[in-house]
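Novice: model the structure of this input:
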Amino acid sequence: MKAQEHGGDVYSASYRLDFSVSVNPLGTPHSVRHAVIRSTGSLEQYPDVQCRDLCRKLSDKLHIPAHWITCGNGAAELIFAAAHAVHPKCALLICPGFSEYEKALRSAACEDIRFYLCPRKDGFRIGEDILGQITEDIDMMYLSNPANPTGILTDPALMVRILEKCRDNHVVLVVDECFLELTARPAEHTMLGYIADSPNLLILRSFTKTFAMPGVRLGFCATSNRKLTDRIRDSVQPWPVSIPAQMAGEAALGEAEYLKESRDIIGRELRYLRQMFERIGIRCYDSEANFLFFEGPDNLFEQCAKKGILIRDCRNYRGLGQGYYRVSVHTRRDNEELCGILSNIFKTKGHYLTDEMH
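Specialist: Numbers count the residues shown, from 1 in each chain. Predicted coordinates for the structure are as follows:
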């Protein structure tokens, strides 16, 4: 069985549980489902190309002007649009990291892509030495916070220093915050507060992960740089956001209690998974997102698939290889089933640690 480049490929085989896609474990809010149903009454119309109602609601929520916001057909479209808007000759990426950044840069004919490798010995964290790699010959940098696939949050003080170094060297910094709202304290880590004074800063977010709606493609980016905004909008397809997606997004923005409950459940279940992985003898890393990054046997993907469990094989991430995996945080019953299956696999492989061995 061939591991897919991204998670969520439930179409190639029959799976009982999908741990490969890191979406909100509470599932799609009822308000979002109802909004999509209501949208069928407007399907004979073209969507608002400017997403005016959605941008106004995002503006109110984020406390930034609506004209700083551009919506797209998922964050993935905006990752590519940003690369084509900047058209960099030289760019810097963090490894391991989301593969779409590199793809976007190559599609924009970026001639020189450089990689900062987060060392395994440091838990795959970005270190201060990243600052030395942000030089005046670099045009663009993508940085995910929390990181994908590790779920690690970069220290806020270091993020500010990265932004300042990028600003001093005229580097466009794209900060991907698609998983941030599902962390415990998103307000402490977001870079939204720096947008007004940082025309080189572009922030990406997605409704996909936060509101468990990957089937409705919707993401947005924000920057105070009007020229960059115009170039991004010129780089996306016409009518990029459908009417169902716009209405779903507007409904999702009213789900404050849903988000609070989501963070509580994710925090609790993430602690449970860490504790169980430790008991089983699985080496995992310090994720603060709604997924857990860990090491296991080279054929773990296939062994889980035989049990009807789909996990994310991370071997295709640059900087990684065989034996690295990611699982999303689910509700307790699903998490218990996953841990039971992993426990049996690791016992067979001789990796299991008893309580006495700790």
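Novice: when you work out contacts or count neighbours from here on, use the C-alpha atoms and nothing else.
Specialist: OK.
Novice: OK, contacts around the nearest residue in space to Pro186 that is not next to it in sequence?
Specialist: Leaving aside its sequence neighbours, Pro186 sits nearest to Leu180 (Cα to Cα, 6 or more residues apart in numbering; 5.7 Å). By Cα atoms under 8 Å, 6 or more residues apart in numbering, the contact list for Leu180 reads Asn145, Pro146, Pro186, His189, Thr190, Ala289.
Novice: just the residues you listed now: which is nearest Tyr272?
Specialist: Ala289 (13.7 Å; Cα to Cα).
Novice: which residue ranges make up each domain of the chain?
Specialist: Split into domains by automatic domain parsing, the chain comes to 17-27+256-357, 30-252.
Novice: surely Arg326 touches Ile311?
Specialist: Yes. Using Cα atoms under 8 Å, Arg326 is in contact with Ile311, at 6.6 Å.
Novice: now the common contact residues for these two.
Specialist: The contact sets of Arg326 and Ile311 overlap at Ser20 (Cα under 8 Å, 6+ apart).
Novice: show me where the chain has strands.
Specialist: Taking DSSP state E, the strands of the chain run over residues 17-18, 69-72, 90-95, 112-117, 140-144, 172-176, 201-206, 219-222, 291-295, 309-310, 312-313, 324-328.
Novice: TSV for those, including mean pLDDT?
Specialist: Listed next are the strands of the chain as TSV, based on pLDDT from 0 to 100:
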stretch	mean pLDDT
strand 17-18	94
strand 69-72	98
strand 90-95	98
strand 112-117	97
strand 140-144	98
strand 172-176	98
strand 201-206	98
strand 219-222	98
strand 291-295	97
strand 309-310	95
strand 312-313	94
strand 324-328	97
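Novice: closest one to Gln246 among those strands?
Specialist: By Cα to Cα (comparing all of these), the closest turns out to be strand 69-72, at 9.1 Å.
Novice: kindly export the closest one (C-alpha atoms) in PDB.
Specialist: What follows is strand 69-72, C-alpha atoms only, in PDB (Å, rounded to 0.1, in the frame of the first residue of the first chain):
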ATOM      1  CA  ILE A  69      -8.100  40.200   4.000                       C
ATOM      2  CA  THR A  70      -8.200  37.900   0.900                       C
ATOM      3  CA  CYS A  71     -10.300  34.700   0.900                       C
ATOM      4  CA  GLY A  72      -9.400  31.700  -1.200                       C
END
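Novice: quick one on the thing from earlier: let's have the strands of the chain in CSV, adding distance to Ser343 and mean neighbour count.
Specialist: CSV is the format used below for those (distance: least, Cα to Cα, whole Å; neighbours: other Cα atoms under 10 Å):
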stretch, distance to Ser343, mean neighbour count
strand 17-18, 17, 20
strand 69-72, 41, 25
strand 90-95, 29, 23
strand 112-117, 31, 16
strand 140-144, 31, 24
strand 172-176, 34, 24
strand 201-206, 34, 25
strand 219-222, 37, 24
strand 291-295, 14, 22
strand 309-310, 14, 24
strand 312-313, 18, 26
strand 324-328, 15, 24
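Novice: between the ones you listed, which one is nearest to Ile232?
Specialist: Closest among the strands of the chain, once you apply Cα to Cα, is strand 69-72, at 8.1 Å.
Novice: chain center to that closest one, what's the gap?
Specialist: Relative to the centre of its chain, strand 69-72 is centred 17 Å away, using Cα atoms, centre = their mean, to the nearest Å.
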